[in-house]
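> Provided below are the primary sequence and the corresponding predicted coordinates.
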Amino acid sequence: MNSNASSPPPAAGAPAAGSATDLEVRVTAILVTAAVLLGMVLQVFIPPGPVTLVAASVLAGAVLIVVSLLAPGRLRATLSGFRFTSTLLVVLAVMAIGGTLILQGKPPEEYATRYGGFGAIIVALRLDDIFHGLPFALVMALFVAAVISSATLRWPVKARNAGFFIAHVGLLTSLVGAGASTLLARRGMIWLPEGGDSASAVMVEKGPTAGQPAPLGFDIRLDKFDLDRYASEYRIGFYVAEPGRDEQGREVMATRLKTSFDACADGARCQKPDTSKHVLPGGDTFRVKAWYPDYARVARPTGIEHGTLSNQWRNPAALVEWTVNGQTREELVLASRPQWLLVQPPRSALLFEKREEEAKAYTSHVTVTRNGETRTGIATVNAPLTVFGWTFYQNSYQPAGGPGHMMSGLEAVHDPGVPWVFTGFFLISVGVAYMFYVEPRLKARKSAAAAAASTTARAA
Amino acid sequence: MLQYVLAEHPFFVATGALYAAAMAFYAAAWRSTKALVGRVGTALMCVALLANLGLIVQRWIEADRAPFKSLFESLVFFAFTTGVVYLVWERLYRTRVFGAMAMLLSLGIIGYALSKWDAEIVKLPPALQSAWFVPHVVVYFVGYAAVGLAAGLAAIQLLAPRVPLVQRIVSMKAGTILSGEALDLDKMTYELVRFGFVLLTVGLLVGSVWAKSAWGDFWVWDPKENWSLVTWLVYGAYLHLRRVRNWRGDRAAWLCLLGFSVVMFTYLGMKFLPTADASAHVYSGE
């Protein structure tokens, strides 16, 4: 491969290098501009959507490849050239950025509310669904054509260019899988009440059949829902009151946690509570002189004193000693009755508190029944359940019905494109790694061998 | 504030100080005729990396999870990967000319982390409790470090012909260029990008596989996903343009700088996007 040229060497009788480059630049500019402009015009008549995206990409890509094979001139060389691909990558990057600057897939009214007068323009130009629109589809068609052309031009594959070929085959495989997903995947949320009714269909949320129910082909029922939370932990929080605005835009003072000192370094086990002295951001200091995990006032021979009934953190209290501007104070504070201890700088305070018990894991235990055959399974976050061709992802939950009862939100997905996509990912990773880690070494070895042979020949 | 940081986080301050000391010795090696000065720079950097690793391990133990959840934690890890990638690079190319630049990067990241200190150690939500979490983050941050160093080299490549001081620094000096060969900044930048691009590719694809197992979809056009794709596309364009006539030298260096700007925006800029609310990827602590 010519390392300095943007495309394979011209055939005999082809224009000189300078004019060939100019021609390639012109063809690139025409193709890319035409794809975007044609897409924008046709989009007035053909709405964006999954079918539009896939059909336009496949059709336009196929036409372009056929034309490039039949047409004389440098069309095929341009399509498979590095300059053309680079241009496409930049155009795709611009489109991807556009999709993060403008909200995607929202109802038209939302654009008017959010963007004012521009909202109507955004909707009219279909910039509200960039990634299903025709300009994107036609640029993808150019990309597919470029990948196929450049890969086929490097046939047969050799050790020196295997990475390029594998990576580009991987790209195509992923794109084919993504196309199949876009067209054929059915997905939607199923909300199952714990111990309640079963579901046998899912309302499709995306794709050509969006809004229609898709039968699962079986019944699924939630037997049990487990919600695990992180264990209770306690801390001394350092808060600062800062001016802010509430939802109505009114000025309010809001307390904000700036730093915190956990009661125990060993988390919820909390065998050795922290009694060391700490410096605060304002320069004041504090320490907890004594911890009472299960606080009670205890009668002793010396009188009624602070004490703990057990080592279980049931009703913790802390005897805090803190120094403000050189003056030392002491206060017993209970986590069940939060109390501010003022420190420097102004509007700052310490607070002994219980941390929020965040969700650690949630799991659905389900039973699936089809034609009398019954299966049980578990779906948890990051470990979906696959059964009879559908996969259930644990996505959400909410309280339901009586106390302690939950509704589990499972994303039901049937997606025949995924194996192709992941096979493509694997090939891309292998191809790119080979291309950039292995091939340079093979080339260097070959160059060294050639240099050694040349030196030997000269010496002879 | 300084008193608080010194008293409560001395190990963190020591790490920053070690990076600063390594930077000073690397800079001194530009003028020194003694190889020892550069060697001390490398030794200090190794100690700084050990201290940085200590911060990561300490946090891992405290949090009882991989310390990559918050922006602060990721910055501490980024400073470490930048140092490690530089160290390997120094060994491979046998030059210490750019040690000061690499240490400035690590020190700057540590300094920025100080301004993003976590108010609390955040618990790991269920979606992040995945076997993909650590490989995804590690691969990405080693990739970020590689393209970050490449951007530094690209900046030097652009400055050298225009600023005499930079030109002098990248010229031959005892103690800094151990191979004795002239530096080909363009080639070095390219090779770093090439190395980083593979990792960015794997990171992007691993993230996609993880998204599938967590949420059921491998690509949802989330702003962070989009910007990761933009990063990949820009560096893809850089690598393709390497084969196009007149796209080496200054043009390639500018493109490399653009690529790293995109990386930084992908990493730190998501909250500025009008679509940020729709993202599941905004760091806690931002």
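Right, received. Where do you want to start?

> which SS state does A:Val44 fall under?
Here A:Val44 is recorded as coil under DSSP: H, G, I helix; E, B strand; the rest coil.

> where are the low-confidence patches of chain A?
Counting by pLDDT under 70, the low-confidence segments of chain A come to A:1-18, A:267-268, A:401-404.

> Show me the longest strand that occurs in it.
For chain A, the strand with the greatest residue count under DSSP state E is strand A:213-229.

> and that strand, what other elements does it pack with?
Under the contact definition 3 or more C-beta pairs under 8 Å, 6 or more residues apart in numbering or on different chains; DSSP states H and E, strand A:213-229 sits against strand A:186-193, strand A:199-203, strand A:359-370, strand A:390-399, strand A:406-414. Where C-beta positions appear, they are placed from N, C-alpha and C, glycine not excepted.

> just those: most buried one?
strand A:406-414 (a mean of 22; mean count of other C-beta atoms under 10 Å in any protein chain shown).

> Okay, angle between that one and strand A:390-399 too, please.
Orientation note: strand A:406-414 sits at an angle of 160 degrees relative to strand A:390-399 (axes from the mean of the first three to the mean of the last three C-alpha atoms, to 10 degrees).

> gap between strand A:406-414 and the chain center?
The gap between where strand A:406-414 is centred and where its chain is centred comes out at 19 Å by C-alpha atoms, centre = their mean, to the nearest Å.

> other SSEs contacting the following helix or strand past that strand?
As assigned by DSSP states H and E, the chain's next helix or strand after strand A:406-414 is helix A:418-433. Using 3+ C-beta pairs under 8 Å, 6+ apart, the elements in contact with helix A:418-433 are helix A:162-184, helix B:185-215.

> any chance of these in JSON lines, with distance to A:Pro208 and mean neighbour count too?
Rendered in JSON lines, the data for the helices and strands packed on helix A:418-433 read as follows (distance: least, C-beta to C-beta, whole Å; neighbours: other C-beta atoms under 10 Å in any protein chain shown):
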{"stretch": "helix A:162-184", "distance to A:Pro208": "6", "mean neighbour count": "21"}
{"stretch": "helix B:185-215", "distance to A:Pro208": "21", "mean neighbour count": "22"}
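
> Now render those as CSV, adding distance to A:Val204.
Shown next, in CSV, are the helices and strands packed on helix A:418-433 (distance: least, C-beta to C-beta, whole Å):
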stretch, distance to A:Val204
helix A:162-184, 11
helix B:185-215, 17
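
> still on that earlier bit, would you put the C-alpha positions of the longest strand of chain A in CSV?
Extracted C-alpha coordinates of strand A:213-229, given in CSV (Å, rounded to 0.1, in the frame of the first residue of the first chain):
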residue,chain,number,x,y,z
PRO,A,213,-48.4,-4.9,21.4
ALA,A,214,-46.0,-7.7,20.7
PRO,A,215,-47.0,-11.1,22.0
LEU,A,216,-44.2,-12.8,24.1
GLY,A,217,-45.5,-16.3,23.3
PHE,A,218,-45.6,-17.1,27.0
ASP,A,219,-46.7,-15.8,30.4
ILE,A,220,-44.3,-14.2,32.8
ARG,A,221,-45.2,-13.6,36.4
LEU,A,222,-43.2,-12.0,39.3
ASP,A,223,-43.0,-14.3,42.2
LYS,A,224,-40.8,-12.2,44.4
PHE,A,225,-38.8,-9.0,44.3
ASP,A,226,-35.7,-8.4,46.4
LEU,A,227,-34.5,-4.9,47.1
ASP,A,228,-31.1,-4.9,48.9
ARG,A,229,-29.9,-1.6,50.4
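
> got the angle for that strand vs strand A:359-370?
Going by the same axes, to 10 degrees, strand A:213-229 is angled at 140 degrees with respect to strand A:359-370.

> Can you give the strand pairings for strand A:213-229, parallel or anti for each?
Sheet partners assigned to strand A:213-229 using DSSP bridges are listed as strand A:199-203 (antiparallel), strand A:359-370 (antiparallel).

> what does the stretch 251-400 of chain A have sitting close to chain B?
Residues of the stretch 251-400 of chain A lying close to chain B by C-beta under 8 Å from any C-beta of the partner chain are A:256-260, A:262, A:265, A:267, A:278-283, A:355, A:358-362, A:380-384, A:391, A:393, A:395.

> If we use 6 Å, what do you get?
Residues of the stretch 251-400 of chain A that fall close to chain B, judged by C-beta under 6 Å from any C-beta of the partner chain: A:257-260, A:279, A:281, A:283, A:358, A:361, A:381-382, A:393.

> which of these has the most neighbours?
For those, the largest number of neighbours (other C-beta atoms under 10 Å in any protein chain shown) sits with A:Tyr393, at 25 neighbours.

> Look at the residue of chain B positioned farthest from its centre and report its pLDDT.
Of all residues in chain B, B:Gly216 has its C-alpha farthest from the mean position, at 30.9 Å, by C-alpha atoms, centre = their mean. pLDDT recorded at B:Gly216 is 92.

> pLDDT at B:Leu241, what is it?
Value for B:Leu241, per-residue pLDDT: 96.

> what about it, distance to chain A?
Distance, B:Leu241 to chain A, using C-beta to the nearest C-beta, to the nearest Å: 5 Å.
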